[in-house]
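[1] What follows is a predicted structure for the sequence shown.
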Amino acid sequence: MQIEDFFTSKVVVITGASGFIGSHLSERLLAAGNRVIGVDNFITGNRKNTEHLAQNPHWELFEQDICDTQGLNALLDKILSKYDRIDMVLHFASPASPPGYQRHPRETYLVNSLATDSLLAWLRGHSPESRFLFAGTSEAYGNPQVHPQPETYWGNVNPNGPRSCYDEAKRLGETICGVYDRDFGLDTRIVRIFNTYGPRMDLADGRILPQFIQEIRRGQPLTVYGDGSQTRSYCFIDDLVEAVLRLAASPDGAGQTVNCGNPGEYTVLQTAQICNQVAGRAAEMIEFRPLPTDDPLRRRPDITKARQLLSWEPKVAFADGLRVMMTHYGIDVKN
Ligand SMILES: NC(=O)c1ccc[n+]([C@@H]2O[C@H](COP(=O)([O-])OP(=O)(O)OC[C@H]3O[C@@H](n4cnc5c(N)ncnc54)[C@H](O)[C@@H]3O)[C@@H](O)[C@H]2O)c1
């Protein structure tokens, strides 16, 4: 299945369009000849991420907080009356990094719960044929007791801890999608995104690769929490965008929840060593600090379902993706 089998001359609304993932989705859909309407309040996103799209006649960007339901409804009314239809909503608005959602805990649980419901309620009333895709997360699995995590695993999540405003709100967002799909007949799809990296990530957002890149740019040792034996998986943004749009385009995607990520598993210590090597530094240029509360110990997607349903698997090797990302941030990389 090709993305273009569905996405040709479609009208697509993307919430969080000026964020890291939203900007890449926008770019890819515009390149495939669709009309893309971005909505963002820039709480964690950056206008610069989509500035290069400004000249494209098929691109429009609206500044709107989608938790303001009245404002959201008025905007959706305006889009519908201008284009006569909305084929798809990709709901990607949400702070995504621990410092981002801990700085904005209420905004985070509202955008994943209230705004998910508001978007779906509006679609139900005005455009019930539209498809809706929700950006879920591997954090729905919490600190998993099953490894790797298949979609059928229900997770091990702390309902009231420093990460709960994000993890539990994403889980509620999934519940809301399920209700509209099962009970109200809408077409909703959920992608559970695992750690994704690439150009346009906010380097100040505290996630592991942005943090390492910041430290490399400053000539500092890389900070590893705990003994670095906790594992992570890293999916390059181009692979993730391909997976998300395949799920969105799939004729069999309605009501489905699909893990998308790269199953390659690295310890945090290995990650630091690879980053140092790609940047031409001594692999051991590392400093250890105590492990924060609720830091997940293991995270690795089981992507069997994505392979079967979407004929998708990630293609970009970790070191190759790192080279692209580091080059974007002005680091002289080594082959
Ligand atoms: N990056 C990852 O590795 C990852 C992993 C799992 C899930 N996700 C999910 O993917 C989505 C995008 O993540 P990202 O990494 O691009 O984050 P990001 O912070 O770069 O992008 C999110 C965008 O949403 C916007 N936004 C937030 N609240 C809003 C509101 N109320 N109204 C309008 N716009 C709002 C922000 O300003 C930002 O531009 C999020 O839903 C996130 O939870 C990302």
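    Now that the structure is in, tell me what you want to look at. Numbering: from 1, shown residues only.

[2] where along the stretch 151-300 of the chain do the strands fall?
    Along the stretch 151-300 of the chain, counting by DSSP state E, counting those that start in this stretch, strands occupy 187-193, 196-197, 222-225, 231-232, 235-236, 257-260, 266-267, 286-289.

[3] Tabulate these (a markdown table), appending mean pLDDT.
    Putting those into a markdown table (pLDDT from 0 to 100) gives the following:
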| stretch | mean pLDDT |
| --- | --- |
| strand 187-193 | 98 |
| strand 196-197 | 98 |
| strand 222-225 | 96 |
| strand 231-232 | 90 |
| strand 235-236 | 98 |
| strand 257-260 | 98 |
| strand 266-267 | 95 |
| strand 286-289 | 96 |
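
[4] Kindly reformat the ones you listed as a markdown table and extend each row with distance to residue 141 and mean neighbour count.
    Using the backbone N, CA and C atoms, a C-beta is placed for each residue, glycine as well. Shown next, in a markdown table, are those (distance: least, CB to CB, whole Å; neighbours: other CB atoms under 10 Å):
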| stretch | distance to residue 141 | mean neighbour count |
| --- | --- | --- |
| strand 187-193 | 8 | 24 |
| strand 196-197 | 16 | 25 |
| strand 222-225 | 20 | 20 |
| strand 231-232 | 13 | 20 |
| strand 235-236 | 15 | 24 |
| strand 257-260 | 9 | 25 |
| strand 266-267 | 18 | 17 |
| strand 286-289 | 25 | 13 |
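
[5] Leaving out chain neighbours, which residue sits closest to residue 257?
    Leaving aside its chain neighbours, residue 257 sits nearest to residue 190 (4.2 Å; criterion: CB to CB, 6 or more residues apart in numbering).

[6] now swap in residue 12 and tell me
    Spatially, and ignoring its direct neighbours in sequence, residue 12 is nearest to residue 88 (4.8 Å; CB to CB, 6+ apart).

[7] burial measure for residue 120, as a count.
    Counted with other CB atoms under 10 Å, the neighbours of residue 120 add up to 23.

[8] Also residue 268?
    23.

[9] And the helices in the stretch 151-300 of the chain, which stretches?
    All helices of the stretch 151-300 of the chain, identified by DSSP state H, counting those that start in this stretch, fall at 164-182, 208-217, 237-249, 268-278.

[10] does the first one come close to the ligand?
    Put plainly, it is helix 164-182. No. Helix 164-182 stays clear of the ligand (CB under 6 Å from any ligand atom), getting no nearer than 6.5 Å.
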